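[1] just a sequence and a predicted model for now, questions to come.
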Protein chains: 2
Amino acid sequence: MNGFQRNTRQRQVILEELQRAASHPTAVGLFGLVRRRLPKISLGTVYRNLELLVRMGAVQKLEFDGEARFDGNVERHDHLRCVGCGRVDDLFGPPLDLLGGESDDLCGYEILGHRLEFFGLCPACRRRRNSGGGNGATAAPTEES
Amino acid sequence: MNGFQRNTRQRQVILEELQRAASHPTAVGLFGLVRRRLPKISLGTVYRNLELLVRMGAVQKLEFDGEARFDGNVERHDHLRCVGCGRVDDLFGPPLDLLGGESDDLCGYEILGHRLEFFGLCPACRRRRNSGGGNGATAAPTEES
DNA sequence: GTAAGTGCAAATGTTTTGCCAGGTC
DNA sequence: GACCTGGCAAAACATTTGCACTTAC
């Protein structure tokens, strides 16, 4: 809990490679890219720095098909994923129109469907936060009853 | 590759419990629920049947926070996830309006953001499918270049 | 000099798989 | 009886973590 971190070469290269990559690499994929420049870097370091960069707001963590993918572009945008080859493309601009008509052809993709997820604080967690508590993020998960 | 499967008690119970569960259990969570009725069932069986039920279109596979979650409701709907406790609620009705205003309060949730993802076939995979080929789903992933 | 950060390896957690026994048609 | 399935345990992955050494500040 301090907020200050050092500017290491590893972190720098990780961020650079992620921002350069057109694809949305997984941690392991990015590890491969970074290793070309820093052959001794370890996978653990990549994971640790990605987590840090996400918390700093410098990169965005996505999630496709069970594995985490990272996006060096923090601008608000959506994604197009190919179910054939796994490729993920960016989609800028308001998706509202698209959602409405669910146009069959978007950026050359043949669209099969979409997934929309909102995230935030549920009523219980809002109460928990407001009423003293102090315990913010680490409440006991409300799992199946 | 047959298309027909037997109707086993395990599969039946798994589907029932999933449809009954208000939450969107993970495979392991569902395993716990099912085990109350079938104490000898194994986790592998739960996974195998879930995969089968997804392919049959009887259940929906979601994905939150790195783990797969399953939804017994196949109707088209979206989701609300609490970043505090991990709870996932259903959200029916057209989300278009919601997306537009990004109303701060949705079903009692304090909305912090959303994620929208389209999926389909990318241009390359469409071509690959149309031109002879036959090889449909298992093309080489277009990973980082 | 010192604490944050790294590399390495072992640990963790989730999902998949091989194999054989058992149930279903 | 053939063949789909289930149970079990091991394997395969992705990700996290403990620890001693390095390094940015």
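    That came in fine, so what should we check first?
[2] rest of the way, CA atoms for contacts and neighbours
    Will do.
[3] domain-wise, how is chain A divided?
    A:1-73, A:75-145 (automatic domain parsing).
[4] does the most centrally placed residue in chain A belong to a helix or a strand, and which?
    With distances taken as Cα atoms, centre = their mean, A:Lys61 lies nearest the centre of chain A, 1.3 Å away. Per DSSP states H and E: A:Lys61 is located in strand A:60-64.
[5] partner strands of that strand, parallel or antiparallel?
    Sheet pairing of strand A:60-64 (DSSP bridges) gives strand A:67-71 (antiparallel).
[6] the longest helix along chain A versus strand A:67-71: what angle between them?
    If you go by DSSP state H, chain A has its longest helix at helix A:43-56. Counting by axes from the mean of the first three to the mean of the last three Cα atoms, to 10 degrees, helix A:43-56 lies at 60 degrees to strand A:67-71.
[7] so is helix A:43-56 next to chain B?
    No. Judged by Cα under 8 Å from any Cα of the partner chain, helix A:43-56 stays clear of chain B, getting no closer than 13.4 Å.
[8] tell me, how many residues neighbour A:Ala27?
    Other residues near A:Ala27 number 19, with proximity taken as other Cα atoms under 10 Å in any protein chain shown.
[9] could you check how far the closest residue to A:Asn49 other than its chain neighbours is from DNA strand C?
    Leaving aside its sequence neighbours, A:Asn49 sits nearest to A:Arg11 (Cα to Cα, 6 or more residues apart in numbering or on different chains; 6.1 Å). Per Cα to the nearest atom of the strand, to the nearest Å, A:Arg11 is found 5 Å from DNA strand C.
[10] hmm, back to that, pretty sure the residue nearest to the centre of chain A contacts A:Glu67?
    No. Contact criterion Cα atoms under 8 Å: A:Lys61 and A:Glu67 do not qualify, at 10.4 Å.
[11] show me what contacts A:Arg81?
    By Cα atoms under 8 Å, 6 or more residues apart in numbering or on different chains, the residues touching A:Arg81 are A:87-89, B:117-122.
[12] hmm, 10 Å instead?
    Contact analysis of A:Arg81 by Cα atoms under 10 Å, 6 or more residues apart in numbering or on different chains lists A:64-65, A:87-90, A:109, A:111, A:114, B:117-122.
[13] in what helix or strand does it lie?
    Secondary structure (DSSP H and E) places A:Arg81 in strand A:78-82.
[14] could you export that strand as CSV, CA atoms only?
    C-alpha atoms of strand A:78-82 as CSV (Å, rounded to 0.1, in the frame of the first residue of the first chain):
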residue,chain,number,x,y,z
ASP,A,78,-15.2,-2.9,-27.4
HIS,A,79,-13.9,-6.1,-29.0
LEU,A,80,-14.6,-8.5,-31.9
ARG,A,81,-13.5,-12.0,-31.3
CYS,A,82,-13.2,-14.6,-34.0
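[15] quick one: average confidence on it?
    Model confidence over strand A:78-82 averages 90 on the pLDDT scale.
[16] distance from it to the middle of the chain?
    Averaged C-alpha coordinates place strand A:78-82 at 13 Å from its chain's average position (Cα atoms, centre = their mean, to the nearest Å).
[17] give me the sheet partners of that strand and which way each runs.
    Strand A:78-82 has these partner strands in its sheet, going by DSSP bridges: strand A:88-91 (antiparallel), strand B:109-121 (parallel).
[18] for chain A, which spans come out with low pLDDT?
    Scanning chain A for pLDDT under 70 picks out A:1-3, A:94-105, A:132-145.
[19] tell me the residues of it that contact DNA strand D?
    Within chain A, the positions adjacent to DNA strand D are A:6-9, A:26-28, A:43-45, A:47-48, A:51, A:67-69 by Cα under 7 Å from any atom of the strand.
[20] so among those, which ones count as buried?
    The neighbour count (16 or more other Cα atoms under 10 Å in any protein chain shown) marks A:26-27, A:43, A:68-69 as buried among the residues of chain A next to DNA strand D.
[21] out of the residues you listed, which is nearest to B:Val74?
    Here the nearest of these to B:Val74, counting by Cα to Cα, is A:Ala68; it sits at 25.1 Å.
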